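Asks: return atomic coordinates for the entry below.
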Amino acid sequence: MITIDGSQGEGGGQVLRTSLGLSMLTGTPFRITRIRANRDKPGLMRQHLTCVLAAAQVCSAEVVGAAVGSSELTFKPGTVRPGDYTFSVGTAGSTTLVLQAVLPALLRAASPSTITLEGGTHNIFAPPVDFLEKSFLAVVNRMGPSVAVTLDRYGFYPAGGGRWTAAITPSAKLDAIEITKRLEITHRRAVALVAGLPGEIGMRELETLRRGFSWEPDCFQIRQLPGDCGPGNVVMIEIGDGQVTEVFTAFGERGVRAEAVAERCIKQARAYLAAGAPVGEHLADQLLIPLAMAGGGSFVTGRPTEHTRTNIDIVQKFLPVTITMRELEGDQWGVEIAGI
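Replies: Have a look, this model is predicted:
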C-alpha cells in the first residue's frame, strides 16, 4: 500500500484525484493523510467526496474515511467495471474534477462506458467542460481512446444544476505523442456566456474582447443562455494551432465590472501567446497522466506550476515511469515521460 501525504506540494484536491485515478488503473491500494491540508477548509468537501464515491463504485473499492471533512482516507480498489454511471455532486461543485478521478481506468477498460455528471459545469478554480472537451480530451483522443462530450445544461456557482455526459470508448494501449513546438495559430474564438443576467453584461465583455484582439468579426460571439441556468457569466477565449487548443476562462463576479472580467481573460491568452510554448500551464498538469499511461511522450510548456510538480510526484508513485523537466530558452520548459 502506498502512503501519501495530502499536504505535499500544492496540497489540494489534485493529490487525491490523481491518487484515486491511478489506484483504480493499477489496482494499487493507497492511504492518504492530511487531505487538502493547505486549503482554508481542509479535508474532504462535497465534490471531493463525490470523486471518492464515484471511484469506489466504478471499481468496487473498499474505502475507509469517506465522509465530508475527513482528513484521512484508505482506498483499496477492486476490479474496474465499465458501464453506464450517473454521479451527482449535490452542490454546484465541479463535475469535471469528478471525471478526472475515474477517467484513467475507464480509458483502458474492457468495454465502453458512459458517465453522466450533475452539478457545476463552469466553476472558478476548476477546468470548465469546454476546456476538458476542446483542450484535454482532444489530445487524449489522438492517443487511441475516444471520449465524446455532450453538454445538456450549464451549471454555475452557486445554483449548480448542470448536466453533461462523457461517452468513453477505451483503448488497450495509449500511443505516446510529442507536442514540442507551437505551430501557426489557425483557430481563434472569444465567447461571452450570460445566464439569468442582463445581456448588456455580455455585450460589454464582447466589446472589450474586440478591442483586445484584432481578429475577424466572426471570431467573437455572445451566448444568452436560458435564465434558469443562471445566474452565471463566463468569458472564454480559444486559441488553437491544429495540435492543441487552449481555452482561457474568466468568471463574472458580483461587484466586478464586465470589462474587468474580459480583461482577465485577455491577459491569460496574451501571456500564453507571448510565451510561445504549445502547452499551457493547466493542460500541462493533465497531460501527465495519459502520457504516463502511454509509457512515454513529451511536451513543452511554460515554467512548471506547483500543481504540475505535485502531479509528477504522485504519478511516479503509481506508474513505472520517470518524468523529467528541463529549462529551455525563453522561460520554456521541456517535460519528458519515459518508461522504466
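
Asks: count of neighbours near T26?
Replies: Neighbour count for T26, taken as other CB atoms under 10 Å: 17. To be clear about C-beta, it is placed using only N, CA and C from the backbone, and glycine gets the same treatment.

Asks: any idea how far it is from F75?
Replies: Counting by CB to CB, to the nearest Å, the gap from T26 to F75 is 12 Å.

Asks: equivalent analysis for G196, please.
Replies: From G196 over to F75 the distance is 39 Å, taken as CB to CB.

Asks: now swap in V247 and tell me
Replies: Taking CB to CB, one finds V247 at 31 Å from F75.

Asks: how about G43?
Replies: From G43 to F75 the distance is 16 Å (CB to CB).

Asks: have a look at those two and say which one is more surrounded.
Replies: F75 (26 against 20).

Asks: so that one makes contact with S23?
Replies: Yes: taking CB atoms under 8 Å as the definition, F75 is a contact partner of S23 at 5.6 Å.

Asks: what residues are shared contacts of those two?
Replies: 29-30, 55, 61 (CB atoms under 8 Å, 6 or more residues apart in numbering).

Asks: for I4, see how far away I35 is.
Replies: Distance from I35 to I4, by CB to CB: 9 Å.

Asks: typo on my end, it should be L183
Replies: In terms of CB to CB, L183 sits 38 Å off from I4.

Asks: these two: which is more packed in?
Replies: I4 (22 against 12).

Asks: that one against R34, yeah?
Replies: No: under the criterion of CB under 8 Å, I4 is not in contact with R34, lying 9.2 Å apart.

Asks: now the helices: where do they sit in this structure?
Replies: Along the chain, counting by DSSP state H, helices occupy 13-26, 46-59, 96-107, 129-131, 137-140, 199-212, 258-275, 281-294, 306-318.

Asks: could you dump those helices to TSV with mean pLDDT?
Replies: Output for the helices of the chain, formatted as TSV (pLDDT from 0 to 100):
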stretch	mean pLDDT
helix 13-26	94
helix 46-59	94
helix 96-107	96
helix 129-131	96
helix 137-140	97
helix 199-212	96
helix 258-275	96
helix 281-294	96
helix 306-318	94
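
Asks: between those helices, which one is closest to T79.
Replies: helix 46-59 (6.5 Å; CB to CB).

Asks: quick one: residues in contact with the closest one.
Replies: For helix 46-59, the surrounding residues in contact (CB under 8 Å, 6+ apart) are 13, 16-17, 20-21, 23-24, 35-36, 44, 61, 63, 66-68, 73, 75, 77-81, 85, 87-91, 93-94, 97-98, 100-102, 105-106, 119-120.

Asks: report the angle between that helix and helix 13-26.
Replies: Per axes from the mean of the first three to the mean of the last three CA atoms, to 10 degrees, the angle that helix 46-59 makes with helix 13-26 is 0 degrees.

Asks: measure how far helix 46-59 is from the centre of its chain, please.
Replies: 16 Å (CA atoms, centre = their mean, to the nearest Å).

Asks: okay, now the domains of this protein?
Replies: Taking automatic domain parsing as the reference, the chain has its domains at 1-78, 82-175, 187-274, 276-340.

Asks: which residue is nearest the centroid of the protein?
Replies: P127 (4.3 Å; CA atoms, centre = their mean).

Asks: for that one, what are its contacts?
Replies: 94, 96-97, 135-136, 282, 286.

Asks: related to what we said a few turns ago, ok, the shared contacts of F75 and S23 vs T310, which is closest?
Replies: Closest to T310, out of all of these and judged by CB to CB, is F30, at 15.2 Å.

Asks: any idea what the closest one is bridged to?
Replies: With DSSP bridges as the criterion, F30 is bridged to I2, F75.

Asks: give me the neighbour count for it.
Replies: Quick note: F30 (other CB under 10 Å) scores 22 neighbours.

Asks: all strands of the stretch 101-250 of the chain, in order?
Replies: 113-119, 146-153, 162-169, 178-179, 187-195, 220-225, 232-240, 245-251 (DSSP state E, counting those that start in this stretch).

Asks: closest to E336 out of those strands?
Replies: Between the strands of the stretch 101-250 of the chain, strand 178-179 lies closest to E336; by CB to CB that is 9.2 Å.

Asks: what mean pLDDT does that closest one get?
Replies: Strand 178-179 carries an average pLDDT of 97.

Asks: quick one: strands adjacent to that strand?
Replies: Taking DSSP bridges as the criterion, strand 178-179 forms sheet pairs with strand 296-301 (parallel).
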